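A.B. asks: One predicted model, sequence on top.
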Amino acid sequence: MRISTVALENIRSHVKSQTNFVKGFNCLIGGLGTGKSSLLYAIDFAFFGDPLARSYNYLLRKGEEVGQVSVEFFLNGKKYRIRRGLKRHGKGISQDVDQLGFYEGENLIASMRKEAVAEQFTAITGLDKEIFRQIIWVRQEHLKELLDVAPRERQKRLDSLFGLSDYEVAWNNIRSIQRIYEVEKKTRQEDFDVLGIEKLEGDYHKAVEEFSSVEEEILDLTQGLHEAETRLQATSLQLQNLEDLRKKTEELVKKEASLQTHVANVEDMCARLADSIQRHTASIKELEQRLVDLEEQANLQRKELQNIGLTANLSIEDLRGQIVSFDDQMTSIKAELEAGSRDSKTSHQRITDLAEKSQCPLCLQPLENNYIDHMVKHFEEENTEREEKLREMQRNLLELGQLRNTANTALSKFQSFNPVIQDLRPRILDGENSKEKMEKEFGEQQLQEKMFRGQLEEVRKEISRFDISQLDLARKQHDDTRNKRHTIKIKLDYSEVRKKEVSIKIEDLRQRLENAQQKVTRVEGIGKMLETIEGIRNGYQSIQPKLRTEFVKILERTMQRVLDNLSGEEGTGLIVHIDDAYTPSIKSQEGYELEVTHLSGGERTLLAFAYRFALGQLIMQARTGHGLQMLLLDEPTESLGREDRSVDRLAEAIARLKAIEQIIAVTHNEAFAEKAENVIRLEKEIDVSRVVPEK
């Protein structure tokens, strides 16, 4: 496993930065407070999400509301990326689940829930928070922590990391289980059913015999019930048939009454229809006679119109139009009379003017007496002829007035007759149609009366066939059979209840007997189990020290190899020995045994690194099946100097640890950084960290 990129936004002194790492030895270098360790804190947050203390105050940049960490890493040829965010709310800081995401390539494989992302990360990498913070990430001033703690505390912590504490927990847990089984064995041995198992067997056999006796009784009663039910079915069928016949007869009686009612209603209806037909016939004759009278009067008026010269077969509107023509003629004659009267006056005036003035009335020229006499004579002749015409027109006007009055009178009478005639004709037709319908209905009612009378006769024949005494006898037979069946059924039900009770008793005794037998078997099994548990507990007590001894041997060899590698060709001459509490001690080449506290600061630093590295390899192998793949070191050069080349030896040893895929170290020591394959320099300006990678 190796980290490729760490991107930070508003994390500690980093406003926005991206740091790229390579396979092998990477070194972050910079002055105090330049943000080197912030990258390691950010990696821990991205992987597990839990704060190192009670809150995230140490992570989110002061004054900022949100922050984000994104870590990209490679494992088994696959690329993964984890992104986590922080947000400030009031005085507190929490994770921002909206930014939370775990990606495989470009595919989102976990989000929203912190637990889901952590579980997915552990499932893929095999790393949990305890291993990462205790083994992989060696924080500043924690390198020598395991060397400085008390032996008992060291043993407890490392047993937990190796998984050996599980054996002690199991040993204690098994003792509680052992006590449970011991109590159960004693309780079961004193159980009433276990002590009285022979009596249970006797009661069980008696109950089985009683059950067989009840079953035989039930069999006999069932047979008797079957025969009674067969007889009951037969009498029920006979009674049902008679009841059906009774109901049918009752229905027929109702039908008889209904038919009688129908016959009476039909007879009444026929009488009413006959009376109505008679009245309609008289009414139609009366209307027809009235129509004849009105049509004769209308014909007289038409003849009157013909007599005065009008076309009598025209419509009323056309006749009215002809009468209007009389008015037009009269108006024309009156106009001619007025014109003639004016001409006559004019002519008389001309004669008077000729006689008095002797001049032409038109041109006013003087005229001779002969010519005047001639003109006077001419005017007089014209007047005579004109007056004759005026008298003729007066006579014509009088005749036209009389004709118009006669026509108006005839038309008015004809017009008053016509609506009545038009109304009488549909009334006569409606009356004839109604009469026809009534006559048809009268015929239908007569047919229906005949049909009802036939049905009434048939119904009365059917009613006469029913005998009520047969029904009473059938009812008595049915009641006797039903009572007998009821008696058998009660006995059978009682026997069934007894059978059920005995069956329950047998089942109860059987279960108690089985439980007693199981308890006896269980007591025997518990005895064997207690023997096995005692053996397992003894095994757990012996296996933990043996496994610890094996771990110590491997740890001692691995630590010696790393220490020799750190010492280089010059060597320190230190020989490592580790006891059962994982406490390392040193033997010099002279054979003197020294405690770690008696070593120099540089020697203790080298020894602590070798110890942590050896522990990491061994614990990772025990917990995940593979060795240490990644190591994060925060200021590992504590107490090392350039003069004795201890810094160089540690850096060279780290560079030679090819078994670890990636090492990321934080230091301010330039000599240590020189040995790294990838050097990343951090600077800080105006409280903002900046990443400056260099080769």
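C.D. replies: In hand now; what should we look at? In this text the structure is predicted, and so the values were computed from the model without any measurement.
A.B. asks: Against which helices or strands is whatever helix or strand E201 lives in packed?
C.D. replies: In the assignment (DSSP states H and E), E201 maps to helix 197-307. Taking 3 or more C-beta pairs under 8 Å, 6 or more residues apart in numbering; DSSP states H and E as contact, the helices and strands that helix 197-307 lies on are helix 369-463, helix 468-567. (Each C-beta comes from the backbone N, C-alpha and C, glycine too.)
A.B. asks: could you say what helices and strands the helix or strand just after it packs with?
C.D. replies: Next in sequence after helix 197-307, counting helices and strands by DSSP H and E, comes helix 316-357. Judged by 3+ C-beta pairs under 8 Å, 6+ apart, helix 316-357 is in contact with helix 369-463.
A.B. asks: Provide the backbone phi and psi angles at the spatially most central residue of the chain.
C.D. replies: By C-alpha atoms, centre = their mean, the chain has its centre lying nearest to M112, at 24.3 Å. With angles defined as degrees, to the nearest 10, M112 sits at phi 70, psi -50.
A.B. asks: what does the model give it for pLDDT?
C.D. replies: We have a pLDDT of 81 for M112.
A.B. asks: contacting residues around it?
C.D. replies: By C-beta atoms under 8 Å, 6 or more residues apart in numbering, the residues touching M112 are V97, L100.
A.B. asks: Between helix 369-463 and the helix holding E201, find me the angle.
C.D. replies: In terms of direction (axes from the mean of the first three to the mean of the last three C-alpha atoms, to 10 degrees), helix 197-307 departs from helix 369-463 by 150 degrees.
A.B. asks: Which one, of the helices and strands packed on helix 197-307, ends up nearest to S212?
C.D. replies: S212 lies closest to helix 468-567 among those, at 9.5 Å (C-beta to C-beta).
A.B. asks: I figured D193 hits R512, correct?
C.D. replies: Yes. If you go by C-beta atoms under 8 Å, D193 and R512 touch, sitting 5.4 Å apart.
A.B. asks: tell me, what's touching these two both at once?
C.D. replies: Residues touching both D193 and R512 by C-beta under 8 Å, 6+ apart: L200.
A.B. asks: quick one on the thing from earlier: please report how far the residue nearest to the centre of the chain lies from D98.
C.D. replies: M112 is 9 Å from D98, where distance means C-beta to C-beta, to the nearest Å.
A.B. asks: Look at E399 and say how many residues are nearby.
C.D. replies: 11 (other C-beta atoms under 10 Å).
A.B. asks: sorry, that was for I277
C.D. replies: Neighbourhood size, I277 [other C-beta under 10 Å]: 17.
A.B. asks: for T331, same thing?
C.D. replies: Residues lying near T331 (other C-beta under 10 Å) number 12.
A.B. asks: Likewise for Q99?
C.D. replies: 17.
A.B. asks: So the closest residue to it other than its chain neighbours: helix, strand or coil?
C.D. replies: Distances taken as C-beta to C-beta, 6 or more residues apart in numbering put G85 closest to Q99, at 3.0 Å, once the chain neighbours are dropped. With DSSP: H, G, I helix; E, B strand; the rest coil as the basis, G85 sits in strand.
A.B. asks: I'd like the numbering to begin with 59 instead of 1 from here.
C.D. replies: Yep, numbering from 59; the last one is G143 now.
A.B. asks: bridging residues for G143?
C.D. replies: Legend: beta-bridge partners of G143 under DSSP bridges are Q126.
A.B. asks: what sits against it?
C.D. replies: V124, G125, Q126, V127, Q153, D154, D156, Q157, L158.
A.B. asks: and it, how far is that from V175?
C.D. replies: Taking C-beta to C-beta, one finds G143 at 12 Å from V175.
A.B. asks: Check the contact lists of those two and give me the overlap.
C.D. replies: Shared contacts of G143 and V175 (C-beta under 8 Å, 6+ apart): L158.
A.B. asks: quick one, phi psi at A639?
C.D. replies: The phi/psi pair for A639 (degrees, to the nearest 10) is phi -90, psi 10.
A.B. asks: what number of residues lie near the closest residue to it other than its chain neighbours?
C.D. replies: For A639, ignoring the flanking residues on the chain, the nearest one in space by C-beta to C-beta, 6+ apart is P209 at 3.8 Å. By other C-beta under 10 Å, the residues close to P209 number 12.
A.B. asks: wouldn't P209 be in contact with T641 here?
C.D. replies: Yes. Contact criterion C-beta under 8 Å: P209 and T641 qualify, at 4.9 Å.
A.B. asks: if I read this right, L258 contacts N573, doesn't it?
C.D. replies: No. Look at L258 against N573 with C-beta under 8 Å: they stay out of range, at 9.5 Å.
A.B. asks: Show me what L86 bridges to in the sheet.
C.D. replies: According to DSSP bridges, beta-bridge pairing links L86 with V724, I738.
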